[in-house]
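[1] Sequence unavailable; structure follows:
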């Protein structure tokens with residue numbers, strides 16, 4: 001029998017948890033933004049439609065989500081109507097077809113997924129900044145994950 005002590009194994013689970021905390025804090029602000037803007041885009045709330053104009057912030061965040069640009073889209077010029085011969089009545093506007101039930105159900109399911117992703121990420125951020133040994137590192141990582149994308153968006 002050997003009296004030699006066994007070497008201590010490397011703490012892989014602890015290292016994995018620390019990496020998960022830091023990486024999670026860096027990407028959490030982007031996940032939160034994508035969850036909110038994605039939830040809004042399911043119903044195209046970032047786009048102007050007849051009778052609806054989105055708030056400028058919603059439109060800008062929608063452009064960040066889709067085009068990686070924080071700016072409002074230039075308004076589109078209305079299409080000119082084709083010339084009609086005299087005496088011909090204007091065509092009636094086509095009625096919008098009813099949305100299929102499957103599409104509506106799937107849209108609402110994805111809204112729930114978006115809310116779940118937002119809340120789950122928020123819970124992870126709270127756990128990261130209030131629990132564990134890496135509270136300070138987690139807070140700095142969260143700040144970096146917030147500042148870096150904003151700074152990049154502000155570059156010309």
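    In hand now; what should we look at? Quick caveat, the model's predicted, so the values are computed rather than measured. Residues are numbered from 1 along each chain as shown.

[2] lowest-pLDDT helix or strand in this structure?
    For the chain, counting by mean pLDDT, DSSP states H and E, helix 56-67 ranks last in confidence among helices and strands (a mean of 87).

[3] Tell me the buried residues in the next helix or strand after it?
    Where DSSP states H and E defines the elements, the next helix or strand beyond helix 56-67 is helix 101-130. By neighbour count, and taking 16 or more other Cβ atoms under 10 Å as the criterion, the buried residues in helix 101-130 are 114, 117-118, 121, 124-125, 128-129. Placement of C-beta: from N, CA and C, glycine included.

[4] As CSV, those with pLDDT and distance to residue 60 would be great.
    Compiled in CSV, the buried residues of helix 101-130 are given as follows (pLDDT from 0 to 100; distance: Cβ to Cβ, whole Å):
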residue, pLDDT, distance to residue 60
114, 96, 19
117, 97, 21
118, 97, 19
121, 97, 21
124, 95, 26
125, 96, 23
128, 93, 28
129, 94, 28
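
[5] Assign residue 25 to helix, strand or coil.
    Assigned state for residue 25: helix (three-state reduction, DSSP: H, G, I helix; E, B strand; the rest coil).

[6] And the pLDDT for it?
    At residue 25, the predicted lDDT confidence score is 96.

[7] Looks like it contacts residue 136 (just checking).
    No - counting by Cβ atoms under 8 Å, residue 25 does not reach residue 136; the two are 11.1 Å apart.

[8] Compare those two (neighbour count), which wins?
    Using other Cβ atoms under 10 Å as the criterion, residue 25 and residue 136 rank with residue 25 on top: 24 against 9.

[9] give the contact list for the spatially closest residue to that one that is not a sequence neighbour.
    Beyond its immediate neighbours in the sequence, the residue positioned closest to residue 25 (Cβ to Cβ, 6 or more residues apart in numbering) is residue 141, lying 3.6 Å away. With contacts defined as Cβ atoms under 8 Å, 6 or more residues apart in numbering, residue 141 is in contact with 21-23, 25-26.
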